[in-house]
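> sequence below, structure please.
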Amino acid sequence: MWMARRFGASNRQPVLLGTIGAAFFEQRVLLLDFVAQRMAVLGYGEELQPEVARRFSFVPLDYRNRKMFVWLTVNSVTERYLAFDTGSSSLPLSTSRRRWLEWTGRKPNDPANQLRKVDSWGEAVTLVGAPIQGKMCVGSACMTSPLAFFDSAGSAALNYDRAPFPIDGVFGNVLFDGKFTVVVDLPRRRFGLAAGSIAGR
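Numbering: from 1, shown residues only. The predicted structure follows:
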């Protein structure tokens, strides 16, 4: 979900105009260059040019329940129930307690864990974080030991085990900030990642 903003004429403060959800991109390609801090949306039905597409490592994307589930690998194991949320800009990855224990090898009370207070749909929650042991990859593009968080209190909004559909967690923009360019090609059900910026190419 993207928030559309404009700046007020007098005080230059951003004014929220509305949101853009996944449905808008069902026939459009979204490019997010987190290095150059630029984004692009291709026209309705327009495809990526082949020379641009070749720069990306692509994996399948399942679009269901209005969420984009990307086929990531965590320590060489394919994970099909992690959703990409373009509106999630505060956490690299939030997941269930079960997955967090499996991926990090930590105990929830380990003093080396990070604690982070966030607002989740109007509810203040405290998340426990630790680095994943090993790599998280999109095809051949990998991130070493990204941080993963879980909600120790089990609030409704972040309790993935009780969701009405299969989901193991959500990953957002923080995972790629300053390092990667992302392409969300929803019409062709694929998600791509390229190291660095593609701006000007």
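> what's the spacing between residue 83 and residue 90?
In this structure, residue 83 and residue 90 are 16 Å apart, going by Cβ to Cβ, to the nearest Å. To be clear about C-beta, it is placed using only N, CA and C from the backbone, and glycine gets the same treatment.
> pull the contacting residues for the most centrally placed residue in the chain.
Against the mean C-alpha coordinate of the chain, by Cα atoms, centre = their mean, the closest residue is residue 172 at 2.5 Å. Contact analysis of residue 172 by Cβ atoms under 8 Å, 6 or more residues apart in numbering lists 84-93.
> compare these and tell me which has the most neighbours.
Among those, the one with the most neighbours (other Cβ atoms under 10 Å) is residue 93, at 27 neighbours.
> that residue touches residue 171, doesn't it?
Yes - here residue 93 lies in contact with residue 171, judged by Cβ atoms under 8 Å, at a distance of 4.5 Å.
> what helix or strand is residue 119 on?
If you go by DSSP states H and E, residue 119 is part of strand 114-120.
> list the contacts for residue 61?
Remark: with contacts taken as Cβ under 8 Å, 6+ apart, residue 61 is in contact with 68-71, 84, 184-186, 189-191.
> repeat that for 6 Å
Taking Cβ atoms under 6 Å, 6 or more residues apart in numbering as the criterion, residue 61 is in contact with 68, 70, 189-191.
> list the strands paired with the host helix or strand of it, with their directions.
Counting by DSSP H and E, the element that carries residue 61 is strand 57-64. Each strand that strand 57-64 pairs with, and the sense of that pairing, follows from DSSP bridges: strand 67-74 (antiparallel), strand 190-195 (antiparallel).
> residues of it that come out buried?
If you call a residue buried by 16 or more other Cβ atoms under 10 Å, then strand 57-64 has these buried ones: 58-59, 61, 63.
> just stretch 145-159 next, same as before
146-152, 158.
> give me the contact list for it.
By Cβ under 6 Å, 6+ apart, the residues outside stretch 145-159 that reach it are 91-95, 97, 100, 103, 108, 120-121, 123, 125, 127-129, 131-132, 136, 175.
> cool, stretch 176-186 as well?
Applying Cβ under 6 Å, 6+ apart, the set of residues contacting stretch 176-186 is 25-26, 29-34, 56, 192-194, 198.
> how much space between residue 160 and residue 167?
Residue 160 is 5 Å from residue 167, where distance means Cβ to Cβ.
> who has more neighbours, the two?
Using other Cβ under 10 Å, the more surrounded residue of residue 160 and residue 167 is residue 160, with 22 against 18.
> quick one: contacts for the more buried one?
Contacts for residue 160 (Cβ under 6 Å, 6+ apart) come out as 96, 167, 169.
> now with 7 Å?
The contact partners of residue 160, by Cβ atoms under 7 Å, 6 or more residues apart in numbering, come to 95-96, 167-169.
> partners of whatever helix or strand residue 136 lives in in the sheet?
Here residue 136 is covered by strand 135-138, with elements defined by DSSP H and E. Looking at strand 135-138 with DSSP bridges, its paired strands and their directions are strand 67-74 (antiparallel), strand 141-144 (antiparallel).
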